[in-house]
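Enquirer: from the sequence below, what's the structure:
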Amino acid sequence: MNTSLQSPVPEVLRLLGDQQRWRLLQELAQSDLTVGELAERLGKPQSLVSYHLAELRKSGLVSSRRSSADARDTYCRFEIARCAEQLRAAGNTLSRALHLDPGQRPIPSRRRRPTVLFLCTGNSARSQMAEALLEHRSGGGVRARSAGSDPKALHPNAVRVMAERGIDIAGRKSKHLDRFARSRFDHVITLCDKVREVCPEFPDAPRTAHWSMPDPSVEADSYPAFVRLADELENRIDVLLAELSVTAAKEVSHGS
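Expert: Next up, the predicted model:
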């Protein structure tokens, strides 16, 4: 027997092989959720869900943060980039011929661009930055909008950080979410825990998701917080673009 070929099963495969953990990641791949919401969706005791979440956190596949709307709640997030990294490494241990990194795919042409609405409280930073980044990184292939439940003036650090990424948002105005109450979107994404609590229903039941992100402006030295926010938004938007690309490809295929 060639003992040089013997190696333990990668930890990520052991974790993902458990049905409960797999279901947790399926739910979190769609939206950030609280532990209570995850327990309700899986129909399992919260103590059991917390145990599996702790195992996923140890491996870096899930992260968590306290809700800014209710400190008793904790939002969980699927670290998709970390999962992809571990799966690529696991594939390489099996065979170098496995290629698990397809790269960014452009959104196929179709008659109507997908539409996405980002919401936060002030529409002064998080949602404005997300709107600009999505339009920029999609090359105009996605129509993005943003609004807030309590609009405030655009934060200067939001303008600065976007300018450092080659995106000018200096002339953008903050908007109240009521402005889009009758508008139709494919996706509505809330970026702060407070606005999630008051988010209205939109026509045609768009797909909704929550990205739990802290308000960078509350930190004493807020510029580094804005940089971290922009980095996290870029990562999440790349995942969103991959999902939109798959959806558009299916629509183009079915329409041909």
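Enquirer: so where's the stretch 151-256 of the chain uncertain?
Expert: For the stretch 151-256 of the chain, the stretches with pLDDT under 70 are 251-256.
Enquirer: so residue 138 makes contact with residue 241?
Expert: Yes - judged on C-beta atoms under 8 Å, residue 138 makes contact with residue 241 at a distance of 5.9 Å. Heads up, the C-betas are built off the backbone N, CA and C, glycines and all.
Enquirer: separation between residue 42 and residue 12?
Expert: Residue 42 sits 21 Å away from residue 12, going by C-beta to C-beta, to the nearest Å.
Enquirer: pretty sure residue 36 sits against residue 44.
Expert: No - using C-beta under 8 Å, residue 36 is not in contact with residue 44, being 11.5 Å away.
Enquirer: among those two, which residue is more densely surrounded?
Expert: Neighbour tally, residue 36 and residue 44, criterion other C-beta atoms under 10 Å: the higher count belongs to residue 44, 16 against 13.
Enquirer: SS state for that one?
Expert: Classification of residue 44 by DSSP: H, G, I helix; E, B strand; the rest coil places it in coil.
Enquirer: who's in contact with it?
Expert: Residues in contact with residue 44, defined by C-beta atoms under 8 Å, 6 or more residues apart in numbering, are residue 20.
Enquirer: ditto for residue 32
Expert: Applying C-beta under 8 Å, 6+ apart, we find residue 32 in contact with 75-77, 209-212.
Enquirer: switch the cut-off to 10 Å
Expert: Applying C-beta atoms under 10 Å, 6 or more residues apart in numbering, one finds that residue 32 lies in contact with 63-65, 67, 75-78, 190-191, 193, 196, 209-213, 236.
Enquirer: just the buried residues out of those residues, in ChimeraX syntax.
Expert: A single ChimeraX command is used to select the members of the contacts of residue 32 judged buried by 16 or more other C-beta atoms under 10 Å:
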select :63,64,67,75,76,77,78,190,191,193,196,209,210,211,212,213,236
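Enquirer: I'd guess residue 128 is in a helix, am I close?
Expert: Yes - when the secondary structure is assigned by three-state DSSP, residue 128 falls within a helix.
Enquirer: let the chain start at 16 from now.
Expert: Happy to do that; since the first residue is 16 now, the last one works out to residue 143.
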